[in-house]
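Participant: okay, predicted coordinates and the sequence, questions at the end:
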Amino acid sequence: MLKRKVYLWLSLVFMIIIDANAQNKQILFGLNDVPQTLLINPGAKVDYNLHIGIPLLSHIHLNIGSSSVSAQDVFENNTINFNTKLRNAIATLNHKDFWTFTQQLELLNVGFRIGNTNFNRNTYLSFGLYQEADAIAYFPNDYVKLALEGNQNNINKRFDLSHLNLRADLLTVLHFGYNKTVSKQFTYGFRAKIYSSAFSLRSFDNFGSLNTRLGSNNIFEHHFNVNLKLQTSGFTSLLDDETDSQLTLKEIQSRLLLGGDLGLGLDFGFTYNITNQFVLEASVQDLGFVNHKNDVQNYKLIGNYTFEGIDPLFGGAGNQNSPEGFVEDVAEAFDDLFAIDTTQTKFTTWRPIKINTALRYAFDKEKANTCDCNQYLNPYLSEVGAQLFMIKRPVQPQFALTLYYYRRLFNTFSLKTSYTIDSYSYSNFGFGVSTQIGAFNLYAVADNLFGFNNLSNTTYQSFQFGLNLIFDNK
Amino acid sequence: MKIKLPHIFLLLVSLICCSGCYEALDFEQANDLKLNPTFISSLAYFDTAAPAFIVNPGDDNFIQETVSLSIFDEPFVVDNLTRADFVFETSNSILRDFNARVDFFDANRNLQHSFTIQIPNSTDNTDNVNTHTEVFEGDTLIGLKNTTVIVFTLTIIPSNTLPVITEETIGRLKLRSFGVFYLNIN
């Protein structure tokens, strides 16, 4: 049974998880030919009058990764003993290493330009609905060390219980965006979001320690200081043995269609042309919260106890308690220490806020476009730039720096290549392409291209794909 | 031409994406997972002054205490414990010899295991420190796992030459102990 559990756990962790910045869309950011860039920066430049995402196909995003080990490190089919490989992999990890998984599926995405006349049609409205699954689990370093080694060779070591950090969410987001081109230089926008959470699980802000040290009355004493919590919403009723799978599916569908725990959020951003060729762009995503109040089940484990052994025997230490009574007291103390307190108190969670910034330089002016007759059309065919991404994560924010080259070919095709440095990889080259054939816009983005050569040995992989209808490109 | 070139790029991207491959991984290896942690846990201790061991005429020359155990009711411990060492450190500054017998009984009061710790006397009221390690492996480990009750019997060794313990006798008898538990989790 234990084997099976461990097998499932390891398979899950190593198969699912391959990307570090699971929410970073560095290639799509600034790829203004694609309407989904408005979901990254609602203040991006919009060069079309109407877009309609093909339902369920307009944005498919999968992003999986690990900040350190790959599946191959542990499961490669070779002569090295599995336990040796596992221990070697674990030796490279610390409590700041993590695994992430993000998946998004757009159900609806529509946008259109409004305004009374052709001259002031500078406002672009968009709305849509997408589903998102997002999970992050940090490596519980000291828990694993204790399980692997025990405390015998770790006398005086303080096993830190704050190393337990994980979060998983499944939700849908209904959003309404406003984009305003103020002038040739400046465009801004914002997007209001309504979150509907199907289920959520999180364990953060844990603290305490387990410590075996030299004692005063006995050779050793064991100090337990435990303060752990796990918050869940939406799980209990689904895990109920009596709930059949059909009902479970219906319930999840209902929650994803605004029947879940609701929350509000805001994205905002701008694009500013410093000169004709230099552009500054920045956005903030998911400044918001979800209020979890349905099907809430929280677990707490709080206690503080020091155990030195059984005393007194033979009337020692002036304590008149009998050894039998003392053992009962110790058993009761341990029962109290590890008694899990369950509550149904509602809780609020903050969405993982993300910030994207970019400095872009456009060059290689299109020869046929020297008249500058349309002040909003980008006359340059090429662009290079630097982008900085930040996401707030539970233990510490994660950053990624991207350098890219963008090239527009003819009026129907554009491509973007990128090189990204983050805490997990120094060899992440990405490639994105967007093509417009008639009203059809197709885009595909793949990150960490070298990782595709051997997916088993990659710690990071990202893929985005979508189909839209775009009309009246300027 | 406008259509063809994009198609070439699309083909390239598709090739890159579709050429993703997995080198053969063997997830069945997880069945070989073995954890071998070793845990230390404090056991019993006492620190008692000599007058607690006064033996009046007609009294027994031993003191006995019984402790119930439930740790070996835990299937995890029974299934995964491969060896246990009980380490006792005695410190005697009394001018008399003692011994401590430790008996392990199962739920039906059948003796599973027994050992005796010799506690030699002090000659000058300074601490005479000794260590006894009892290793449980094989049959003795099975006996330990069956144990629900431990009986400690502390005996003052009769002597015609060493002084009788009175209220004025100085010195202390101390015992400190811990167990080392070796687990093999498959």
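Facilitator: Thanks, I have the structure now.

Participant: from here on, just use CA atoms for contacts and neighbour counts.
Facilitator: Will do.

Participant: tell me where chain B has strands.
Facilitator: With DSSP state E as the criterion, chain B has strands at B:38-49, B:62-68, B:81-92, B:98-105, B:111-119, B:128-136, B:149-156, B:172-183.

Participant: below-threshold pLDDT in chain B: ranges please.
Facilitator: Where chain B drops to pLDDT under 70, the residues are B:1-24.

Participant: oh, that last question was meant for the stretch 201-350 of chain A, not what I typed.
Facilitator: Of all residues in the stretch 201-350 of chain A, those with pLDDT under 70 make up the ranges A:241-246, A:312-324.

Participant: quick one: the helices in it, in order.
Facilitator: Listed in chain order, the helices of the stretch 201-350 of chain A (DSSP state H, counting those that start in this stretch) span A:236-239, A:245-254, A:323-337.

Participant: any idea which of those helices gets closest to residue B:119?
Facilitator: Closest approach to residue B:119 among these (CA to CA): helix A:323-337, 21.2 Å.

Participant: please report how far the residue nearest to residue B:167 when sequence neighbours are not counted lies from chain A.
Facilitator: Here the nearest residue to residue B:167 in space, its sequence neighbours aside, is residue B:51; by CA to CA, 6 or more residues apart in numbering or on different chains that works out to 5.0 Å. Distance of residue B:51 to chain A, given as CA to the nearest CA, to the nearest Å: 11 Å.

Participant: ok, now which ones touch residue B:51?
Facilitator: Shown in contact with residue B:51 (CA atoms under 8 Å, 6 or more residues apart in numbering or on different chains): B:165-170.

Participant: again, 10 Å this time
Facilitator: Each residue near residue B:51 by CA atoms under 10 Å, 6 or more residues apart in numbering or on different chains is listed here: B:165-172.

Participant: among those residues, find me the one that's closest to chain A.
Facilitator: Of all the contacts of residue B:51, chain A sits closest to residue B:172, with 10.4 Å by CA to the nearest CA.

Participant: surely the closest one meets residue B:98?
Facilitator: No - shown here, residue B:172 and residue B:98 do not form a contact pair, counting by CA atoms under 10 Å, at 11.9 Å.

Participant: now the common contact residues for these two.
Facilitator: Shared contacts of residue B:172 and residue B:98, counting by CA under 10 Å, 6+ apart, come down to residue B:92.

Participant: among the helices of the stretch 201-350 of chain A, which comes closest to chain B?
Facilitator: Chain B sits nearest to helix A:323-337 of all the helices of the stretch 201-350 of chain A, at 5.3 Å, using CA to the nearest CA.

Participant: just the angle between that closest one and strand B:38-49, please?
Facilitator: 140 degrees (axes from the mean of the first three to the mean of the last three CA atoms, to 10 degrees).

Participant: other SSEs contacting helix A:323-337?
Facilitator: strand A:220-233, strand A:296-307, strand B:62-68 (3 or more CA pairs under 10 Å, 6 or more residues apart in numbering or on different chains; DSSP states H and E).

Participant: could you identify which of these is most buried?
Facilitator: Neighbour counts (mean count of other CA atoms under 10 Å in any protein chain shown) averaged over each of the helices and strands packed on helix A:323-337 peak at strand A:220-233, with a mean of 21.

Participant: that strand to helix A:323-337, inter-axis angle?
Facilitator: If you take the same axes, to 10 degrees, strand A:220-233 sits at 30 degrees to helix A:323-337.

Participant: and for residue B:112, nearest residue in space, chain neighbours not counted?
Facilitator: Closest to residue B:112 by CA to CA, 6+ apart is residue B:143, at 4.8 Å.

Participant: repeat for residue A:218
Facilitator: residue B:176 (5.1 Å).

Participant: who does the one you found bridge with?
Facilitator: With DSSP bridges as the criterion, residue B:176 is bridged to residue B:45, residue B:89.

Participant: isn't it right next to residue B:133, touching?
Facilitator: No - using CA under 10 Å as the test, residue B:176 is too far from residue B:133 to be in contact (12.0 Å).

Participant: shared neighbours of the two, anything?
Facilitator: B:87-89.

Participant: how many other residues sit next to residue A:181?
Facilitator: Neighbour count for residue A:181, taken as other CA atoms under 10 Å in any protein chain shown: 22.

Participant: what's near enough to touch the closest residue in space to it that isn't next to it in sequence?
Facilitator: Excluding the flanking residues, the one nearest residue A:181 by CA to CA, 6+ apart is residue A:187, at 4.3 Å. Residue A:187 is in contact with A:42-46, A:122-123, A:179-181, A:269-273, A:281, counting by CA under 10 Å, 6+ apart.

Participant: and these, which is closest to chain B?
Facilitator: When these are compared for distance to chain B (CA to the nearest CA), residue A:46 wins out at 22.1 Å.

Participant: which residue packs closest to residue A:53, ignoring adjacent ones?
Facilitator: residue A:468 (4.2 Å).

Participant: that neighbour against residue A:106, yeah?
Facilitator: No - with contact defined as CA under 10 Å, residue A:468 does not reach residue A:106; the gap is 11.2 Å.

Participant: what is in contact with the two at once?
Facilitator: Joint contacts of residue A:468 and residue A:106 (CA under 10 Å, 6+ apart) are A:36, A:53-55, A:57-59.

Participant: mark which of these are buried, thanks.
Facilitator: For the shared contacts of residue A:468 and residue A:106, a burial check counting by 16 or more other CA atoms under 10 Å in any protein chain shown picks out A:36, A:53-55, A:57-59.

Participant: including secondary structure, could those go into a markdown table?
Facilitator: Below are those laid out as a markdown table (DSSP: H, G, I helix; E, B strand; the rest coil):
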| residue | secondary structure |
| --- | --- |
| A:36 | helix |
| A:53 | strand |
| A:54 | coil |
| A:55 | coil |
| A:57 | coil |
| A:58 | coil |
| A:59 | coil |
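
Participant: could I get these as CSV with pLDDT?
Facilitator: Shown next, in CSV, are these (pLDDT from 0 to 100):
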residue, pLDDT
A:36, 94
A:53, 95
A:54, 93
A:55, 92
A:57, 91
A:58, 90
A:59, 91
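
Participant: can you name the two of these that are farthest apart?
Facilitator: A:36 and A:55 (13.0 Å).

Participant: joint contacts of these two?
Facilitator: Residues touching both residue A:36 and residue A:55 by CA under 10 Å, 6+ apart: A:106, A:109, A:466, A:468.

Participant: thinking again about what came up before, residues in a beta bridge with the residue nearest to residue A:181, which ones?
Facilitator: Each beta-bridge partner of residue A:187 is listed here: residue A:181, residue A:271, as defined by DSSP bridges.
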